[in-house]
Every structure is written in structure tokens, then in C-alpha cells.
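Colleague: Predicted structure and sequence below. I'll ask about it afterward.
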Amino acid sequence: MTTTVTSGGLGASGIDATYKKVALRLMPYIFVCYLFNYLDRVNVGFAKLQMLDDLGLSETAYGLGAGIFFLGYVAFGVPSNLMLHRFGARRWIALIMVLWGLLSTSLLFVRSAESFYVLRFLTGAAEAGFFPGIVLYLTKWFPSARRGGVMALFMSAIPLSGVLGGPFSGWILGHFTDGQAGMHAWQWLFLLQGLPTVVLGIGILAVLSNGIDDARFLSSDEKAALKQALVEDDKNRPTTVSDSFAAVLRNKGVWALGVIYFSIQSGVYMINFWLPSIIKASGQTDPALVGWLSAIPYLAASVFMLYVGRSADRHRERRLHLAIPMLMGVGGLMVAANFSASPTIALIGLTIATMGALTGLPMFWPISGGYLSPTAMAGGLALINSIGQIAGFVSPYMVGWIKDTTQSTDTALYILAAIILVGVVLVLRIPGKLVNR
């Protein structure tokens, strides 16, 4: 069921056509930007396959370096989103994309654990405002009833980054083994995956409009209809929403959302940073083959994510469309841990876990509207996102420490499954009237 606003002389078919027009204008470019955003964030998982030996780093040092990115991310998440609200999405997102692209590329100059930590922290700080900024940006265009599908489309860039990034990263590691231009293959990986982000950031200035009023591709009637849809959506918000950032900080529901997002991200980042290593540990030593095998879980997740997003919008149901994928994450991680000696079954488990955990990401964000008003959205989204992103530090570091201590990741998978299960319980405690819109 979809919104049937008729403002500006547009009927139901007219408003649907307008939303398709907006989606076709905005989403492809935003999608590609997020694809490289995620690729730049997690490509250390592939660089690790060769970088650790070249630099003499331990598994724990890698886990700390992978995770320290998120300390910078959390520290600068709220300030960055508030700056976006002040200066406008187009200019601010362009600036941070250029900055994090340059910093991500600079990882090719890493020579020690300390330089690895510093660059990862700075990259996280630079990137902090991008994701919550895009989520906020989309709320300026699409009402609640349409956000499930839009968020699923946007966030399907995550699994697609695995589908494309895995084979691409494997190819780079295999192709540049001869030390072309005096660089190791892992250095070429950071170079070839970081510089496109800089170009995309500059392109933001030409592609994105700051909002509906600035959209030259829309007619006056189309602009009026879109704005009226957002007005009606705001009127239908629950009366329990927080209207200011101070109220957000006092809202227990918002903090519960942060914990739920933390539980989802705990599983997601374990998969992102450790999937190539787990596949390699099963006996696959060819970097190209590891890349292709790592694409399987992400390909399945990309299809499942789009299906669940459309189903959530069609049925106007949010809780079960989030809880069920999260339970898949729990079950998949337990299968992977319990059958780690069987590469095929372990990969099946990781595929189920990837489908569930990654689908939980876009299904999570539409429920935040039940707790945040438009005026509190910028700070509130950034706060929830920052709490969740703490998992990006905790999860990889914990897995690395357990791997060094026990020579296995099995215990870590069981712990992460338990963390996601806590999130499922909290999801099921959310009142349906707050989120099923």
C-alpha cells in the first residue's frame, strides 16, 4: 500500500510516477557512493591476507586496526551530521567523501601498527557523517511508507560491495604480486579502491540537490505533492517522538534502538572483516578463489534484502521484518561455528548469517521514525548510528583476540550470535503502533 497524496493536481499514479522519477535521479549515484564507502571501510579484510606478513602484524593488531576506525567514526558521527544539517547535504557529503577517499588511499603508506591505527582512526572520523547524512537526506524526500524499499535499495550496496569487491580484491592481490611500481599487491588494493571515492565525491556537487525546493528536475506540481506527502507523514507520527536532541538523549527508546543496531552491526562487521580469513582457513589459499567464494554470501544477501524491503512496505509491518532476518544471523553464525571443520557447511552457515545480518540493516532504520521528529532527526540518527558503530570496534578486535588466544574463531561466532539474540528480544518489545507505518 502506498501514499495517495493528490497535492498539486497529481493523482495516485502521478505521485507514484514522481517518486520513481526522484528515485531514478538520486538513488543510482547514492548507491555507487555507498558501494565505495563500504568497500573502503572493509577492504582491509582482503589486504590482511598479505599485509600482516609484510608488516609483521599479529591478528590482534589487525583486529585493533580494523576496529579503531570506528572510534573515530563514533567520536565524529553526531558533530558531522549536525554540520550537514547546517551547511546542506550536497556540499558536506562531497567534502567528506573526498577527504575519506584520500585517507583510505593513504593506507598504502602504512609501515607499522601505529601508522595503521592512526590512518584507520582518521578515515573513520572523516567518513562518520556519510551514512547518517544520507539516511537524513532520504527522509527529506520519502515518507515513512516508502522508506523500507528505498533503504533496502540504498543498503543493497553493502552486499553488492562484497559481490563485486571480493573478486576485484582477489584479482588485485593476485595480479600485482610482482611488485609493480615498487608496491605490494595490498598497496595497489588501497590505491585502486580509494581514488574512485575522491572522484565520486566531486561528482556529488553536480548530481544531488539539497532538497525538494532545489530540485530542477521536478515541476512545481511535483514539488508540491512531495512536500505535502511529508507534511501528512509528519502529522501521522506517534506523539511519543523526541522533538529536540536534548529529548533524544533522555529517550530510553532511542538508546534501545542504539543497542539493537549495535547487535546487528556486531554480526555484520565480523562477516565483513573476517569472511576472507575464515574461507582461507578452510584450505583455500588462492586469493582469486577466496574472492569468488566470499561473493556467494553477499550475492544471496543482496537478493534477500530487496525482497524483504518490498515486503515490509507492502505489508506496513516492521518488527518481524527486522526480527526474522536477525534470527537468521543468529542461526547462521551458530551453524558456521558448529561445523567449522566442514568448509561447505560453514560457508552455508555464513551465507545465512550474511543474508540475515545485512538485511537487518535497512529494516532497522524505518523504525527510528517512531521515536524522532524531523527537528530531532539529524542528531538522533547520528546518535543511534554512533552507538551501533561501536560494534565496528568491539567485534573485529574481539574476534582477533580470540583467534590469537584459541587459534579459532568458533567461540567468537557463538558470542556474536548471543549478542544478536539480545537485539531480537529488544526488537520484539517495541510497540507495533510506533513502527508499523
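Modeller: Cool, the structure landed. Numbering: from 1, shown residues only.

Colleague: Residue 94 and residue 130: what is the separation?
Modeller: 10 Å (CB to CB, to the nearest Å). For glycine as for every other residue, the C-beta is placed from the backbone atoms N, C-alpha and C.

Colleague: More neighbours: which of those two?
Modeller: residue 130 (24 against 20; other CB atoms under 10 Å).

Colleague: where does the more buried one sit relative to residue 204, distance-wise?
Modeller: Here residue 130 is placed at a distance of 10 Å from residue 204 (CB to CB).

Colleague: who touches both of these two?
Modeller: Counting by CB atoms under 8 Å, 6 or more residues apart in numbering, the contacts common to residue 130 and residue 204 are 33, 93, 97.

Colleague: Tell me the buried residues within those residues.
Modeller: The neighbour-count test (16 or more other CB atoms under 10 Å) marks 33, 93, 97 as buried among the shared contacts of residue 130 and residue 204.

Colleague: Under the pLDDT cut-off, which ranges of the stretch 151-300 of the chain? List them.
Modeller: 237-245 (pLDDT under 70).

Colleague: per-residue confidence averaged over stretch 398-418?
Modeller: Here stretch 398-418 scores 88 as its mean pLDDT.

Colleague: Other residues contacting it?
Modeller: 58-64, 66, 266-267, 270, 273-274, 277-278, 281, 329-331, 333-334, 336-338, 340, 395.

Colleague: For the host helix or strand of residue 336, output the C-alpha coordinates as CSV.
Modeller: Element membership for residue 336, per DSSP states H and E: helix 319-338. This file holds the C-alpha atoms of helix 319-338, laid out as CSV (Å, rounded to 0.1, in the frame of the first residue of the first chain):
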residue,chain,number,x,y,z
ARG,A,319,9.1,-5.6,13.6
LEU,A,320,9.0,-9.1,12.2
HIS,A,321,10.7,-8.0,9.0
LEU,A,322,13.6,-7.0,11.3
ALA,A,323,13.5,-9.7,13.9
ILE,A,324,13.3,-12.7,11.4
PRO,A,325,16.5,-11.6,9.5
MET,A,326,18.3,-11.1,12.8
LEU,A,327,17.3,-14.6,13.9
MET,A,328,18.8,-15.9,10.6
GLY,A,329,22.0,-14.1,11.6
VAL,A,330,22.0,-15.9,14.9
GLY,A,331,21.3,-19.3,13.3
GLY,A,332,23.8,-18.9,10.5
LEU,A,333,26.7,-17.9,12.9
MET,A,334,26.0,-20.9,15.1
VAL,A,335,26.0,-23.3,12.1
ALA,A,336,29.3,-21.8,10.9
ALA,A,337,30.9,-22.2,14.3
ASN,A,338,29.5,-25.7,14.9
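
Colleague: tell me what that helix is packed against?
Modeller: For helix 319-338, the elements it packs on are helix 252-281, helix 287-315, helix 343-364, helix 410-428, judged by 3 or more CB pairs under 8 Å, 6 or more residues apart in numbering; DSSP states H and E.

Colleague: quick one: buried residues of that helix?
Modeller: Using 16+ other CB under 10 Å as the test for burial, helix 319-338 gives 319-337.

Colleague: try stretch 50-58
Modeller: Across stretch 50-58, burial judged by 16+ other CB under 10 Å covers 50, 51, 52, 55, 57.

Colleague: Kindly report the same for stretch 398-416.
Modeller: Buried residues in stretch 398-416, counted by 16+ other CB under 10 Å: 398, 399, 400, 401, 402, 403, 409, 410, 412, 413, 415, 416.

Colleague: Would you work out how far apart the start and end of it are?
Modeller: End-to-end distance of stretch 398-416 (CA to CA, to the nearest Å): 10 Å.

Colleague: can you give me how far it is from the chain middle?
Modeller: The chain centroid and the centroid of stretch 398-416 are separated by 23 Å under CA atoms, centre = their mean, to the nearest Å.

Colleague: go on, stretch 184-195?
Modeller: With CA atoms, centre = their mean, you get 22 Å for stretch 184-195.

Colleague: and residue 168, helix, strand or coil?
Modeller: Three-state secondary structure (criterion: DSSP: H, G, I helix; E, B strand; the rest coil) places residue 168 in helix.

Colleague: And it, how far from residue 158?
Modeller: Residue 168 is 15 Å from residue 158, by CB to CB.

Colleague: neighbour-wise, which of these two wins?
Modeller: The neighbour comparison of residue 168 against residue 158 (other CB under 10 Å) goes to residue 158, with 27 against 19.

Colleague: who are the neighbours in contact with that one?
Modeller: Counted by CB under 8 Å, 6+ apart, residue 158 has contacts 34, 38, 268, 298, 301, 358, 361.

Colleague: and the protein, what are its domains?
Modeller: Domains of the chain are assigned by the TED database as 22-232, 241-436.

Colleague: Make JSON lines from those and add distance to residue 13 to it.
Modeller: Formatted as JSON lines, these follow (distance: least, CB to CB, whole Å):
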{"stretch": "domain 22-232", "distance to residue 13": "12"}
{"stretch": "domain 241-436", "distance to residue 13": "18"}
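
Colleague: Select, out of those, the one closest to residue 12.
Modeller: domain 22-232 (10.6 Å; CB to CB).

Colleague: what distance separates the start and the end of the closest one?
Modeller: Using CA to CA, first and last residues of domain 22-232 are 19 Å apart.

Colleague: now it, how far from the centre of its chain.
Modeller: Using CA atoms, centre = their mean, the mean C-alpha position of domain 22-232 is found 9 Å from that of the whole chain.
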